[in-house]
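Novice: mind looking at a prediction? Sequence and model below.
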Protein chains: 2
Amino acid sequence: MKKKDIKILLVDDEPDILEIVGYNLSNEGYQVFTAENGHEGVKKAKKEQPHLIILDVMMPEMDGIEACELIRKNPDLNNTIVTFLTARGEDYSQVAGFDAGADDYITKPVKPKVLVSKVQALLRRFKEEDVSDTVKVGNLVINRDEYKITSKGKEIILPRKEFELLSLLASKPGKVFKRDEILDTVWGNEVVVGGRTIDVHIRKLREKLGDDSFKTIKGVGYKFVD
Amino acid sequence: MKKKDIKILLVDDEPDILEIVGYNLSNEGYQVFTAENGHEGVKKAKKEQPHLIILDVMMPEMDGIEACELIRKNPDLNNTIVTFLTARGEDYSQVAGFDAGADDYITKPVKPKVLVSKVQALLRRFKEEDVSDTVKVGNLVINRDEYKITSKGKEIILPRKEFELLSLLASKPGKVFKRDEILDTVWGNEVVVGGRTIDVHIRKLREKLGDDSFKTIKGVGYKFVD
DNA sequence: AGAATTAATGCAAAAGTGATGCCAAAAAAT
DNA sequence: ATTTTTTGGCATCACTTTTGCATTAATTCT
């Protein structure tokens, strides 16, 4: 997504803040909307579906917390990031804010640079949530980051060697891996293990993931099929 | 962010400088790119999006100041730190440099050690700006500013190492952090501690935040789950 | 082709290894 | 003086590898 397609809604009752923060964000290329109180904020949020909402806590009419709660109740705004703007040391608002469903909060006074990089960080984090280091193979999802496998929605934790063996085989479904190749990759060139080691691991994988996922090619090696 | 993921762009017309500075930074583990004049520098900056640019002031074709101005105009390079490289006593360039948007400057001749520690300091500052004061993760609220954790509305004060360890693990819930990674981040690359240090800290966190928040992946590392 | 031979793999349990948990005490920091 | 951090020694547990034998598939022999 390009910067100019990203919408940010700014809600604060102080025009000064609105202006300076708004200016900096516009300058960065974001599309900025503003509102001067909670009511208006919620209304604009519904209308514009912003990606990020920066919400002052202390406001007349409707404070930020209440507004946030309303926003969170709206299913259309589920993916929206909400950040509070609060004076340093206002402990209560922090806790209450997070309870209300905020994702982060920024302390006033805000330095433009800090603000901008914070906004960028938030949007980045938000983006990255979907892009975890994960590979789909057949009905398996292999997540190297979390060292876990998801098979048909069921989560399976595998020990290291089993995980790496499966990773290897599943990396090219259908391909037959020779025992040598497997040893080289999973165990390493230097390590020497007995002849029964591999198939014991294969057996464990078969126990855990179903017999038919692993096929033996006698005299050659194994392959994973989906 | 790991060192090897940090990109540094070096722009100087003297190959000697390029080599010695580049060598020292590569040696530290950074990813180093080089360019021999302003034009090339700006081009590479756009392409590689480095985190830090070290820019010689006096160069043919396009001098550092002009290059810096161009860099600063590019919104994608807003988070990039620019530091000038200048001969001692070139007062004028200093002033002009800061005007052009530089963050720091380094005087030639450069001593490797000084250079490296300066680079580290700059990157640290950069990092801190990027990290939010407060982050919400699961039912935890981590406040880096005040070094405290709020769990289900209850406030918990953690000692430094425990706090940083938790911060790290909770920064990516579900992700498995290898022991090495943890050591690198929490203890620093240079520090060497015994093998039992990490798990003692993990144990303390488990005592304080509940056993099941931290999962051990044997042979790999630990992960935080919410 | 069918039987016999040979080689490779499957299997279960046992043994081995190594990583982690845990404690208590020393060392460092505050 | 108190709190935090690190260490070293053990105990323990999870994972890995071995072992010995059964089974199966491929190959060779009649």
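Specialist: In hand now; what should we look at?

Novice: worst-scoring helix or strand of chain A, pLDDT-wise?
Specialist: Ranking every helix and strand in chain A by mean pLDDT, DSSP states H and E puts helix A:91-99 at the bottom, with a mean of 62.

Novice: is chain B contacted by the longest helix belonging to chain A?
Specialist: Using DSSP state H, we find that the single longest helix of chain A is helix A:112-128. Yes. Judged by C-beta under 8 Å from any C-beta of the partner chain, helix A:112-128 comes into contact with chain B through A:113, A:114, A:116, A:117, A:118, A:120, A:121, A:122. Any C-beta I mention is one placed from the backbone N, CA and C, and that applies to glycine too.

Novice: packing partners for the helix or strand harbouring residue A:45?
Specialist: Following DSSP states H and E, the helix or strand that holds residue A:45 is helix A:38-48. Judged by 3 or more C-beta pairs under 8 Å, 6 or more residues apart in numbering or on different chains; DSSP states H and E, helix A:38-48 is in contact with strand A:7-11, strand A:31-35, strand A:52-56, helix A:64-73.

Novice: tell me the strands beside the second one, with direction?
Specialist: With DSSP bridges as the test, strand A:31-35 is paired with strand A:7-11 (parallel).

Novice: before we move on, the earlier item: and the angle from the helix holding residue A:45 to strand A:7-11?
Specialist: In terms of direction (axes from the mean of the first three to the mean of the last three C-alpha atoms, to 10 degrees), helix A:38-48 departs from strand A:7-11 by 170 degrees.

Novice: Three-state assignment for residue A:202, please.
Specialist: helix (DSSP: H, G, I helix; E, B strand; the rest coil).

Novice: sorry, back to before: let me have the helices and strands packed on helix A:38-48 in CSV, extended by mean pLDDT.
Specialist: Listed next are these as CSV, based on pLDDT from 0 to 100:
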stretch, mean pLDDT
strand A:7-11, 95
strand A:31-35, 95
strand A:52-56, 92
helix A:64-73, 89
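
Novice: which one of those is the most hemmed in?
Specialist: Comparing the helices and strands packed on helix A:38-48 by mean neighbour count (mean count of other C-beta atoms under 10 Å in any protein chain shown), strand A:52-56 comes out on top with a mean of 28.

Novice: need the next SSE after the longest helix of chain A, C-terminal direction.
Specialist: With secondary structure assigned by DSSP H and E, helix A:112-128 is succeeded by strand A:134-137.

Novice: only the buried residues of that next one, if you could.
Specialist: residue A:137 (16 or more other C-beta atoms under 10 Å in any protein chain shown).

Novice: nearest residue to residue A:12 other than its sequence neighbours?
Specialist: residue A:56 (4.0 Å; C-beta to C-beta, 6 or more residues apart in numbering or on different chains).

Novice: list the helices and strands the strand or helix carrying residue A:107 packs on?
Specialist: Element membership for residue A:107 (DSSP H and E) is strand A:104-108. The elements that strand A:104-108 packs onto, with contact taken as 3+ C-beta pairs under 8 Å, 6+ apart, are strand A:81-87, helix A:91-99, helix A:112-128, strand B:134-137.

Novice: run the last query once more with 7 Å
Specialist: strand A:81-87, helix A:112-128, strand B:134-137 (3 or more C-beta pairs under 7 Å, 6 or more residues apart in numbering or on different chains; DSSP states H and E).

Novice: for it, which positions count as buried?
Specialist: Of the residues in strand A:104-108, those with enough neighbours to count as buried (16+ other C-beta under 10 Å) are A:104, A:105, A:106, A:107.
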